[in-house]
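S.K.: the following block contains a protein sequence and its predicted model.
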Amino acid sequence: MNAISDRRTFAIISHPDAGKTTLTEKLLYFGGAIHLAGEVKARGANRRARSDWMKIEQQRGISVTSSVMTFEKDGITFNLLDTPGHEDFSEDTYRTLTAVDSAVMVIDVAKGIESQTRKLFEVCRLRNVPIITFVNKVDREGREVFEILDEVANLLQLDVTPMTWPVGMGSDFEGVFDLVSNRLLLPEGPSRDYKGKVIQTTGLDDPQLDAILKPANLAKLREDVELAGVGYPEFDAEAYRNGDLTPVYFGSALKEFGVDSLIDALARHAPPPHALPAEPAPVSPDANQVTGFVFKVQANMDPNHRDRIAFMRLCSGVFKRGMKLTPTGHGKPIAIHSPILFFAQQRELADEAYPGDIIGIPNHGTLRVGDTLSERADVRFTGLPNFAPEILRRVALKDPTKTKQLRKALDDMAEEGVTQVFYPEIGSNWIIGVVGQLQLEVLLSRLDAEYKVDAGLEMAPYETARWVSADNVVDLKAFTDLNRGAMAKDRDGNPVFMAKSAWEVGYIADRYPKVKFAATRER
Ligand code: G4P
């Protein structure tokens with residue numbers, strides 16, 4: 001076994017309700033055993049019992065936190081990074097996507113590509129994350145297979161290669177034909193635990209098929225697959241790994257159907273950890289020294305302790321418990337005595353981790369999202385984005401003696417990436433920015449529960465913000481001097497231009513061609 005080539009670190013992207021949670025559960029089930037850091041979205045009473053560390057989770061019944069789940073199958077270690085499913089809470093999701101080597105895109109067969117899927121896909125594209133598509137819910141009435149394939153191809157500008165093909169759909173659903181192995185996958189057993197039956201055929205002309213499938217379904221299958229052979233390119237592993245082509249699998253997560261084909265596809269085609277962008281040079285996973293970066297920080301998981309967990313993706317070297325790593329750019333080396341490793345089954349592995357694995361590092365606020373940790377001091381991973389906030393609010397403190405606590409809370413949460421904070425150059429009304437409404441509720445709830453600060457949010461006279469820079473400092477200074485009333489600093493002191501509308505951003509950008517207005521900022 002090769003620890004690097006046998007690892008698959010991936011995430012599932014989808015629109016709420018497409019079936020991500022169900023698929024996650026089934027993947028873990030197929031993978032045998034699981035350790036859950038956080039939880040797969042728990043239901044009913046379980047939900048309340050399991051995630052009582054955060055009120056908002058109970059109130060909204062959604063999973064706000066990312067979690068990491070590791071499972072093994074046939075010698076391959078899969079690290080599945082779960083991401084918050086809620087439409088509004090996507091910044092965390094975006095960052096999680098910087099820590100994976102590939103993604104599975106789940107689409108509802110009746111709905112096709114939805115808004116959230118598309119946004120997340122764009123983030124994957126920015127980083128050339130290769131995508132396997134799983135078209136879910138084929139046990140229900142859905143759209144024509146061609147329609148779905150063409151939608152993926154056209155909306156996402158990707159080549160698509162169908163790897164399996166559903167036989168009938170909805171009430172007429174008979175099974176899935178695997179076009180690569182020529183196996184017919186048939187559901188068997190009562191619907192809740194549909195055990196699959198596999199029939200090896202010699203191809204679509206195999207007479208066995210006539211005996212099993214309804215004549216109309218079989219005729220359509222043969223005709224469709226022939227057409228598809230002409231209309232879509234053959235699977236090309238390199239095009240997939242470059243993010244130019246997506247292999248498409250059909251199935252039903254609920255009925256456990258097609259999930260094993262998906263795991264096989266991940267094992268066979270998805271890339272193992274590879275070199276990641278860094279300064280001064282990309283870091284290869286087989287480099288000897290341990291390096292990694294923090295893509296998520298979660299504070300106050302236990303209300304009795306002020307500790308936070310920093311989730312670090314290991315990028316190179318073999319991590320051993322007790323090892324000393326230095327956060328690049330600030331701080332002294334820290335000895336990592338009690339890392340949280342997400343293996344449940346293999347206790348003997350619990351003291352070691354390999355590139356592609358995620359390590360939870362308890363700390364008191366020293367580690368921040370975007371930090372590189374390494375045995376060598378001169379490396380910094382790049383490309384962890386901050387997103388331009390879409391909602392800006394002024395924070396109104398009800399008790400003025402709590403200014404210090406408020407500032408600490410806002411800084412803490414900016415560090416974690418829950419919200420962004422902007423300190424205007426003029427005036428003392430601090431402004432927070434989020435990409436989704438739910439983040440505002442998280443902020444208020446945590447201000448109250450964790451920092452005992454009673455604050456409200458008011459409309460701000462701005463709608464969006466852009467990080468500004470210029471090649472020549474003189475140009476930047478000229479711009480900021482003339483627009484002082486709209487300038488602020490972010491948590492790290494970077495200059496930010498606050499705009500009344502997206503239109504204003506465009507207008508100002510035209511007038512100051514030497515100034516760059518960035519909607520994302522790398523940490
Ligand atoms: P999400 O995490 O992407 O938001 O979706 P989730 O898995 O929670 O699934 C959303 C709904 O779709 C659930 O129904 C789930 O049972 C259903 N579902 C998921 N996969 C399939 C599938 O392959 N076929 C069919 N027919 N349904 C599927 P729900 O009624 O909202 O929840 P529940 O009461 O069943 O838990």
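M.R.: It's in.
S.K.: can we go C-alpha only for contacts and neighbour counts from here?
M.R.: Will do.
S.K.: how near is the residue in the stretch 101-250 of the chain that the ligand sits nearest to to Thr22?
M.R.: When scored by CA to the nearest ligand atom, the stretch 101-250 of the chain has Lys137 as its residue closest to the ligand, at 3.5 Å. From Lys137 across to Thr22, the span is 11 Å (CA to CA, to the nearest Å).
S.K.: circling back to that earlier point, kindly list the main-chain dihedrals of the closest residue to the residue of the stretch 101-250 of the chain closest to the ligand other than its chain neighbours?
M.R.: Spatial nearest neighbour of Lys137, excluding adjacent residues (CA to CA, 6 or more residues apart in numbering): Ser252 at 4.6 Å. Per-residue torsions, Ser252: phi -130, psi 110 (degrees, to the nearest 10).
S.K.: check contacts around Ser252.
M.R.: Ser252 is in contact with Val135, Asn136, Lys137, Val138, Asp139, Gly258, Val259, counting by CA atoms under 8 Å, 6 or more residues apart in numbering.
S.K.: take these and lay them out in TSV including neighbour count.
M.R.: As requested, those are arranged in TSV below (neighbours: other CA atoms under 10 Å):
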residue	neighbour count
Val135	26
Asn136	28
Lys137	24
Val138	30
Asp139	23
Gly258	27
Val259	23
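S.K.: what packs against the helix or strand that contains Leu457?
M.R.: Secondary structure assignment for Leu457, by DSSP states H and E: strand 455-459. Counting contacts by 3 or more CA pairs under 8 Å, 6 or more residues apart in numbering; DSSP states H and E, strand 455-459 packs against strand 391-397, helix 437-451.
S.K.: stretch 176-190: which residues count as buried?
M.R.: Neighbour counts over stretch 176-190 (16 or more other CA atoms under 10 Å) mark Val176, Phe177, Asp178, Asn182, Arg183, Leu184, Leu185, Leu186, Pro187 as buried.
S.K.: for the third one, which non-adjacent residue is spatially closest?
M.R.: Using CA to CA, 6+ apart and skipping residues adjacent in sequence, the residue nearest Asp178 is Thr164, 4.3 Å away.
S.K.: quick check, the one you found in contact with Asn182.
M.R.: No: contact criterion CA atoms under 8 Å: Thr164 and Asn182 do not qualify, at 9.2 Å.
S.K.: shared neighbours of those two, anything?
M.R.: Here Thr164 and Asn182 share no contacting residue, scored by CA under 8 Å, 6+ apart.
S.K.: got the residues of the chain near the ligand?
M.R.: 16-22, 136-137, 139-140, 252-255 (CA under 6 Å from any ligand atom).
S.K.: show me the contact partners of the strand holding Leu457.
M.R.: With contact meaning CA under 8 Å, 6+ apart, strand 455-459 is reached by Leu392, Arg393, Arg394, Val395, Ala396, Leu397, Lys398, Asp399, Leu444, Leu447, Asp448.
S.K.: and stretch 215-223, by the same measure?
M.R.: Outside stretch 215-223, the residues that touch it by CA under 8 Å, 6+ apart are Trp165, Val167, Gly168, Leu204, Leu209, Asp210.
S.K.: so Gln200 makes contact with Val180?
M.R.: No: using CA under 8 Å, Gln200 is not in contact with Val180; the gap is 11.3 Å.
S.K.: now do the shared contacts for these two.
M.R.: Joint contacts of Gln200 and Val180 (CA under 8 Å, 6+ apart) do not exist.
S.K.: circling back to that earlier point, ok, which pair from the buried residues of stretch 176-190 is furthest apart?
M.R.: Asn182 and Pro187 (16.3 Å; CA to CA).
S.K.: any idea how far Val109 is from Asp244?
M.R.: Counting by CA to CA - Val109 and Asp244 are separated by 22 Å.
S.K.: out of those two, which sits in the busier spot?
M.R.: Using other CA atoms under 10 Å as the criterion, Val109 and Asp244 rank with Val109 on top: 26 against 20.
S.K.: which one is that one nearest to, not counting chain neighbours?
M.R.: Gly142 (5.1 Å).
S.K.: ok, now Gly203?
M.R.: Asn182 (5.2 Å).
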